[in-house]
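Asker: Provide a 3D model corresponding to the input given below.
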Amino acid sequence: MAKMQANQMRAGMVIEFEGQRYTILKQNIMIPGKGAAVIQVEMRNVRSGAKKDQRWRTADTVERLTTEDKEFTFSYTEGDMLVLMDPESYEQTQVPKEILGDRLPFLVENMTVNVRLIEGEPVSMDLPEQVVLEVVEADPVVKGQTAASSYKPAVLSNGVKTMVPPFITVGEKIVVKTEDGSYYERAKG
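Answerer: Numbering: from 1, shown residues only. Next up is the predicted model:
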C-alpha cells in the first residue's frame with residue numbers, strides 16, 4: 001500500500017478506506033467560492049458492491065492499493081457473472097456483472113478488457129475507451145436545423161440512448177465513448 005494525495009485519485013484506482021477496499025468510479029474536484037477545494041468521489045465496495053460517495057480535502061491522504069493489470073477476452077454472460085478467458089492460458093475466470101456498473105451495455109463478445117487484480121482477486125474492469133455501435137432508432141433530420149449544438153436522441157444496438165448530430169441516420173455505425181455513452185464520431189469504413 002502506498003499513500004497518495006486525494007487529488008491524485010482517478011477512476012479505476014483501488015483504495016483502502018475505513019478498513020474496506022473500494023474501486024474509484026468517478027471523481028470530481030469542486031472549487032467553492034470560499035475555502036479550499038474538495039474532491040467528491042463515487043466509489044464501490046469491492047466485496048459488497050455497495051456504492052458510496054465520499055468527500056476529501058485536496059490535501060488529505062488515502063491508501064492506494066497495489067494492483068496488477070491483466071488482459072482478458074470477454075466470452076459470454078452466465079447469470080450474474082461475466083465469463084472471461086485468459087488469452088495466454090485459455091483459462092476461464094468469472095467476475096460479477098456489477099464490476100462494470102453503468103458500462104455493462106458496452107461490453108461485447110470477444111472484446112479485450114483490462115481487469116485489475118489485488119492478490120489475484122478481480123476488483124475492477126476497464127473497457128476500451130471507445131466502441132463502434134449501430135444506430136437502430138433516430139429522429140429524422142428536420143430541414144433547416146443546422147445549428148451545430150442541435151443534437152437529436154438516438155437508440156444504439158445495445159439499447160443505450162444517446163444524443164447524435166442531426167446527420168446521423170438509422171443503420172449507421174458510430175463510435176461511442178464507453179465512459180458515458182456519448183457520441184464521438186462516425187465509424188470509418
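
Asker: who's in contact with G159?
Answerer: Counting by C-beta atoms under 8 Å, 6 or more residues apart in numbering, G159 makes contact with P105. Every C-beta, even on glycine, is put in place using the N, C-alpha and C of the backbone.

Asker: Confirm it sits in a strand?
Answerer: No - G159 is assigned coil when assessed by DSSP: H, G, I helix; E, B strand; the rest coil, not a strand.

Asker: Would you check how far apart it and P105 are?
Answerer: G159 sits 6 Å away from P105, going by C-beta to C-beta, to the nearest Å.

Asker: L133 too?
Answerer: Counting by C-beta to C-beta - L133 and P105 are separated by 9 Å.

Asker: ditto for P32
Answerer: 35 Å.

Asker: more crowded one of these two?
Answerer: When P32 is set against P105 and neighbours are counted by other C-beta atoms under 10 Å, the residue ahead is P105, at 16 against 8.

Asker: check contacts around that one.
Answerer: Counted by C-beta under 8 Å, 6+ apart, P105 has contacts 158-160, 181.

Asker: mind listing what A187 touches?
Answerer: So A187 contacts 132, 172-175 (C-beta under 8 Å, 6+ apart).

Asker: May I have the secondary structure class of G35?
Answerer: Strictly by three-state DSSP, G35 counts as coil.

Asker: any idea how far Q5 is from it?
Answerer: Relative to Q5, and taking C-beta to C-beta, G35 is found at 18 Å.
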